[in-house]
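>>> Give me the fold of what follows.
(one chain, ligands or ions: 2)
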Amino acid sequence: MAKHWADFQYEIYLNGMTGAVPRLPTDLTRLEELTEQRLGPGPVGYVAGSAGSGSTARANRAALDRRRIVPRMLRDVHERDLSVEVLGRPLPAPLALAPVGVLSIMHPDAESAAARAAAAQGVPYILSSASSTPMEQVAEAMGDAERWFQLYWAKDREVTRSFLNRAKAAGFTALLVTLDTPLLAWRPRDLDQAYLPFLHGVGTANYFSDPAFQAGLAKPVHEDPNAAVMHFVGMFADPGKTWPDLEFLRENWDGPIVLKGILHPDDARRAASAGMDGVVVSNHGGRQVAGSVAAADALPRVVEAAGDRLSVLFDSGVRTGDDIFKALALGAEAVLVGRPYAYGLGLDGQAGVEHVIRCLLAEFDLTLALSGHARPATLGPDDLIEENA
Ligand SMILES: Cc1cc2nc3c(=O)[nH]c(=O)nc-3n(C[C@H](O)[C@H](O)[C@H](O)COP(=O)(O)O)c2cc1C
Ligand SMILES: CC(C)CC(=O)C(=O)O
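Numbers count the residues shown, from 1 in each chain. Ligands and ions are numbered 1, 2, ... in the order given. Sure thing, here's the model as predicted:
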């Protein structure tokens, strides 16, 4: 019998018989405010912030909220199985932790704690290129648990080649290449506080520990850390890249490659033609293009363009189990969640991240059951209506 994630609900109630209540709220939309109270506006501002006036982040939420579930009755949901296969890998549920860099601004155990939480709950951890902990150290914290690597595609080919070799050697099985961040967007919350973690050397661990990166420096990192930071800023992304450049990645990575940040169906078609394995429909949680299409509004057209040639994953705005239901009903195979687990980490370390995963999946399991489904595979567009469409 598959695990029933919904059992977390009764675990909480039964613990309550001895006077215990959850350390963190089970409505995950409350985490941002709590984290800000606990950690102050600087770091939380970086995590919570988005591009421009925040219209894309708001649109992400509105597009999910506007879609309403139409539950079905009497369909035997007694035994349920949330497991799915994504990129040829069996997953216990259609959820992975999104790549979120610079996590040491939230908690000293940073990515290692988040990765351990993902491993404990069995969901894939996607490590950011801009992590505050070197990839080998995070991999070690995870044992043989499922891990994927997110690539910021550097200007310097040798650094990219070196990252791919290191990630492979450290057991990362899939590569997510983020395409929506060739430049850092206009982010007023960070600008108004003049706060950017990278300038303080946070989020540079993979680079500073990399022989190919070090080869580009006049002096070792510890002798001139400011020069190392400026070298990172100048090379971590490359606005000059075009579609034919993907060949280099295909040649240097033999596992699945997924393009993150796809919103237009033609870009999904190009991804398939370029031999990619999947896409993440994402607007980077509203952090890049202000005024962008909401990720959930872009999803159906990308799913149609992808056909059976690409795996389609989804992120940007997922906060609840019913959001996962909606993304899957619109055609995503799985979702990634970003900020909520970063807040969980900030509030309670590894346990906080595990709390976020368990809440999301318990609520998804219950939403699935209460709407007449025993498995993610039976979800489809008929399960939703769009208000005011
Ligand atoms: C603080 C922060 C750092 C992030 N760092 C990265 C990163 O290094 N690489 C990447 O591809 N996406 C990064 N993202 C974007 C996430 O992977 C994901 O697309 C986004 O958070 C999803 O939206 P959500 O936060 O609403 O769940 C970051 C997001 C946040 C909030
Ligand atoms: C700009 C990156 C290095 C980090 C990131 O993706 C983000 O802050 O959204």
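
>>> what are the C-alpha coordinates of stretch 87-106, in CSV please?
Output of stretch 87-106 as CSV, limited to C-alpha atoms (Å, rounded to 0.1, in the frame of the first residue of the first chain):
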residue,chain,number,x,y,z
LEU,A,87,12.4,12.2,-16.2
GLY,A,88,12.6,8.4,-15.8
ARG,A,89,12.9,8.7,-12.0
PRO,A,90,10.3,7.2,-9.6
LEU,A,91,9.1,9.9,-7.2
PRO,A,92,6.9,9.4,-4.1
ALA,A,93,4.8,12.5,-5.0
PRO,A,94,4.8,15.1,-7.8
LEU,A,95,6.9,17.6,-5.8
ALA,A,96,10.5,18.7,-5.7
LEU,A,97,12.3,21.5,-3.9
ALA,A,98,13.1,24.3,-6.4
PRO,A,99,16.7,25.5,-6.7
VAL,A,100,17.0,28.4,-4.2
GLY,A,101,20.4,29.9,-3.9
VAL,A,102,22.0,31.8,-1.0
LEU,A,103,20.1,29.9,1.7
SER,A,104,22.7,30.7,4.4
ILE,A,105,20.9,34.1,4.7
MET,A,106,18.0,32.1,6.1
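
>>> Can you mark which positions in that stretch are buried?
The neighbour-count check on stretch 87-106 (16 or more other CB atoms under 10 Å) flags 87, 91-106 as buried. Where C-beta positions appear, they are placed from N, C-alpha and C, glycine not excepted.

>>> what about it, distance to the chain center?
In terms of CA atoms, centre = their mean, to the nearest Å, the centre of stretch 87-106 is set 5 Å apart from its chain centre.

>>> try stretch 320-334
14 Å.

>>> first vs last residue of it, how far apart are they?
One end of stretch 320-334 to the other measures 14 Å (CA to CA, to the nearest Å).

>>> Rounded mean pLDDT for that stretch, please.
Averaging pLDDT along stretch 320-334 gives 99.

>>> contacting residues around the closest residue to Ala377 other than its chain neighbours?
Using CB to CB, 6 or more residues apart in numbering and skipping the chain neighbours, the partner closest in space to Ala377 is Val84 (7.6 Å). Neighbouring residues of Val84 by CB atoms under 8 Å, 6 or more residues apart in numbering: 90-91, 93-94, 333-334, 376-377.

>>> Same question for Glu386.
Applying CB under 8 Å, 6+ apart, we find Glu386 in contact with 66-68.

>>> For it, list each beta-bridge partner.
Beta-bridge partners of Glu386, counted by DSSP bridges, are Arg67.

>>> For the residue nearest to Ala377, give me the backbone phi and psi.
Phi and psi for Val84, reported as degrees, to the nearest 10, are phi -140, psi 170.

>>> and the residue nearest to Leu328 when sequence neighbours are not counted, how far is that from Leu91?
Distances taken as CB to CB, 6+ apart put Leu379 closest to Leu328, at 4.7 Å, once the chain neighbours are dropped. Applying CB to CB, to the nearest Å, the value for Leu379 to Leu91 is 16 Å.

>>> tally of neighbours for the closest residue to Val102 other than its chain neighbours?
Leaving aside its sequence neighbours, Val102 sits nearest to Gly203 (CB to CB, 6+ apart; 3.9 Å). Neighbour count for Gly203, taken as other CB atoms under 10 Å: 25.

>>> Perfect, that will be all.
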